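J.: Compute the structure for the input listed below.
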Amino acid sequence: MRIIQEGTIALGPGKVSLLEAVREHGSISAAARSMNMSYRRAWLLMDELNRALGSQATVSEHGGQSGGGSTLKPGGEEIIRLYRSIEARAATVCAPDIKALVKLLKT
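T.: Just a heads-up that it's a prediction; the model follows:
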């Protein structure tokens, strides 16, 4: 599922996966590495998401002795929860149609 806002993908599977990776790894750079993505690409995706939201999904601390990092704000956690819930319900409801589509694919 993708939510398009003003011609941009405001929310989709890649951004949700990136939020999950930030939650797991504690920084955008570590999340990007875990997804084989450049830091710049990850930062741009997070910036795009944060600009689309009423409040930011993440909070980042800049470098320093501990090297900084990022954590999810409650809104970021809620995005993951809602998105994954919708995804699971859609898979259940759409299972017959998905099965029919899969039959159309080459084996």
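
J.: Roughly how far does residue 24 sit from residue 13?
T.: Look at residue 24 and residue 13: by C-beta to C-beta, to the nearest Å, they are 16 Å apart. In short, each C-beta sits where N, CA and C put it, glycine included.

J.: repeat for residue 72
T.: Taken as C-beta to C-beta, the span from residue 72 to residue 13 is 17 Å.

J.: Between those two, tell me which one has more neighbours.
T.: Ranked by neighbour count (other C-beta atoms under 10 Å), residue 72 and residue 13 place residue 72 first, with 18 against 12.

J.: Report the contact partners of the more buried one.
T.: 19, 22, 23, 57, 58, 59, 80 (C-beta atoms under 8 Å, 6 or more residues apart in numbering).

J.: Try it again at 6 Å.
T.: Going by C-beta atoms under 6 Å, 6 or more residues apart in numbering, residue 72 touches 23, 58.

J.: Give me the pLDDT for it.
T.: Residue 72 carries a pLDDT value of 95.

J.: Low-confidence ranges, the protein, go.
T.: 63-67 (pLDDT under 70).

J.: ranges for the strands of the chain?
T.: Assigned by DSSP state E, the chain shows strands spanning 3-5, 8-11, 58-61, 69-72.

J.: nearest to residue 49, of those strands?
T.: strand 8-11 (6.7 Å; C-beta to C-beta).

J.: Within the sheet, what are the partner strands of that closest one, with directions?
T.: Here strand 8-11 is paired, per DSSP bridges, with strand 3-5 (antiparallel).

J.: which residues touch the partner strand?
T.: 10, 11, 52.

J.: Give me the most central residue, the chain.
T.: For the chain, the residue nearest the mean C-alpha position is residue 16 (1.7 Å; C-alpha atoms, centre = their mean).

J.: Apart from its neighbours in sequence, what residue is nearest it?
T.: Here the nearest residue to residue 16 in space, its sequence neighbours aside, is residue 83; by C-beta to C-beta, 6 or more residues apart in numbering that works out to 4.7 Å.

J.: give me the number of residues near residue 24?
T.: Neighbours around residue 24, by other C-beta under 10 Å: 10.
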